[in-house]
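Chemist: what's the 3D shape of this:
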Amino acid sequence: MLQFRVRRILFVASPTACLNWCGVLNYMKKRLVVIGEYFPPRLGGGRRLFEIMKRLSTKYDIRFIVVPPSYVTFIRKIEFVTNKEKQIFCENMIGYNIGLPRLILKLWRKRFLLPYMLTMMHLFFKVMKKLIELKPSTIIIDAPSPYSGLLGAICGRILNKKLLIEYNDMQAFYAVEMLEGKVNTFLKNVLILIEDNIIKSAWKVTAISDFVRRYASRRQDRKDIIVIPNGVDLQVFDPRISGTETRSQLGIGNETKLCVYAGRIEKCVGAEIVLETAKLLQKRTDIEFMIVGEGDSRMINRLSRLGNVVLTGLVPMQSVPKYLAAADIVLVPFSNSIASHAISPLKIFEALAMGKPVIARSVSGVREVITDNYDGILISSGPKKWASEIINLIDNPVKALFLGENARKTARKYEWDRLARKFDDVINARA
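Modeler: So this is what the prediction gives:
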């Protein structure tokens, strides 16, 4: 008995022993390696794959190889990219963050092509080394991009590993939009060609929307793509959460009708629509706008000049439900582009789960989820229509309540647990 107690005390008191046991247990599982751009504490566009993998982490040994995010590296030119490498343990998964040398970081502030080539060479050797060390049974790539997607596809082919690619964005078109005229037609076609070939090289492909699946089929990339939409955690995004504290902290009275936008603040994802709509409604003293997130400093500066707009900046992910709870209406705008039609935005599912009336841009990926005038309002035109629909919902609380109740019903179809099981079926599918 004494011997048993001593061993028990030593086991509980030793974190190293716990990690060793986790290592033994993980060794017995099939190992999956995800190559992507995000891992906690900062998730960004990688949250979808993180949520799915988190729910599969009891069945598989899951590792993330994390390269510096393309958004800040290529477009915003280094805001939080580091040259340090680190290992992070989160939700029974391990992430290996790969940094960039200081010389390459400096080059990114001035040029594009040279630092891109140097970045890809540096990351190729780092990713290859880590993959050889980890010996995965399957490599999962977060997007068919000419960055992390290309790295993963080349490494996977060299190592003869099964490649499962997440077609969660039309990266070539998105990059052209974000770089605002800096990409010529030739380079655009090269990016599309790279995307096509990455998709063709995969063992399996999952798509975020049916629009993407149809696009790939028309491109003759492949016809066996499995659509797995985005989802939501219904326990985290719960209509019973109160937004009173958030309103109080921001000085927004309970009598004020609050329109909330939560997401990246960029022209290509609809920030211009929010800006112009807020301008049109400045005379309605009972209506305010709350913008939750970070993004283009120029757009943020323009929004900050409006007296009916509250900017919160970036908030922790766990706090987002409280900010949505403060909303009377949730806005989900997008520009009318090919890249926008392909997406299935997380913010849609989170707003629906909170039981909020949603006004959204009528792009294909959104129409696959929302039914107009049943669980949301879909708009194809400009700011005047957005302002009109906001006023209509505020002046018609019965309709707003109807939309909110149906929104929660719709969200139940998109629980992460259900989508993770579908993803697991793809992992275990035969060739």
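
Chemist: what about Asp169, which SS state?
Modeler: Judged by DSSP: H, G, I helix; E, B strand; the rest coil, the three-state class of Asp169 is coil.

Chemist: same thing with Ser242?
Modeler: Counting by three-state DSSP, the backbone at Ser242 sits in coil.

Chemist: same check, this time on Thr206
Modeler: Taking three-state DSSP as the rule, one finds Thr206 in the strand state.

Chemist: need the contact list for it.
Modeler: Contacts here follow C-beta atoms under 8 Å, 6 or more residues apart in numbering; on that basis Thr206 touches Leu164, Ile165, Glu166, Tyr167, Ile225, Ile226, Val227, Ile228, Phe423, Val426. C-beta here means a position set from N, CA and C on the backbone, and glycine is covered the same way.

Chemist: so what's it bridging to?
Modeler: Beta-bridge partners recorded for Thr206 (DSSP bridges): Glu166, Ile226.

Chemist: now it: how far from Ala216?
Modeler: Thr206 is 11 Å from Ala216, where distance means C-beta to C-beta, to the nearest Å.

Chemist: which residues do these two both contact?
Modeler: Listed contacts common to Thr206 and Ala216 are Tyr167, Ile225; contacts here mean C-beta under 8 Å, 6+ apart.

Chemist: what's the helix or strand for Val274?
Modeler: Using DSSP states H and E, Val274 maps to helix 271-280.

Chemist: residue ranges for the strands of the stretch 101-250 of the chain, please.
Modeler: According to DSSP state E, counting those that start in this stretch, the stretch 101-250 of the chain carries its strands in the segments 138-141, 162-167, 204-207, 226-227.

Chemist: in CSV: the ones you listed, plus mean pLDDT.
Modeler: Below are these laid out as CSV (pLDDT from 0 to 100):
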stretch, mean pLDDT
strand 138-141, 96
strand 162-167, 94
strand 204-207, 94
strand 226-227, 94
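
Chemist: and of these, who's closest to Gly295?
Modeler: strand 162-167 (23.3 Å; C-beta to C-beta).

Chemist: what lies in contact with that closest one?
Modeler: Residues outside strand 162-167 that contact it (C-beta under 8 Å, 6+ apart): 48-49, 137-144, 149, 152-153, 156-157, 198-199, 201-208, 212-213, 216, 225, 426-427.

Chemist: so which bits of stretch 292-309 are buried?
Modeler: By neighbour count on 16 or more other C-beta atoms under 10 Å, the buried set for stretch 292-309 is Val292, Gly293, Glu294, Gly295, Asp296, Met299, Ile300, Arg302, Leu303, Leu306, Asn308, Val309.

Chemist: now, these that are in helices?
Modeler: Using DSSP state H, the members of those that fall in helices are Met299, Ile300, Arg302, Leu303.

Chemist: between the contacts of Thr206, which is closest to Thr185?
Modeler: Thr185 has its nearest neighbour among those in Tyr167, at 23.3 Å by C-beta to C-beta.

Chemist: look up how far Asn428 lies from the closest one.
Modeler: 19 Å.

Chemist: show me which of those two is the more surrounded one.
Modeler: Between Tyr167 and Asn428, Tyr167 has the larger neighbour count (other C-beta atoms under 10 Å), namely 30 against 10.

Chemist: could you find the closest non-adjacent residue to the more buried one?
Modeler: Ala207 (4.3 Å; C-beta to C-beta, 6 or more residues apart in numbering).

Chemist: list the buried residues for the longest helix seen in the chain?
Modeler: The residue-count maximum for a helix in the chain (DSSP H) belongs to helix 113-134. Neighbour counts over helix 113-134 (16+ other C-beta under 10 Å) mark Pro115, Tyr116, Leu118, Thr119, His122, Leu123, Lys126, Val127, Lys130, Leu131, Leu134 as buried.
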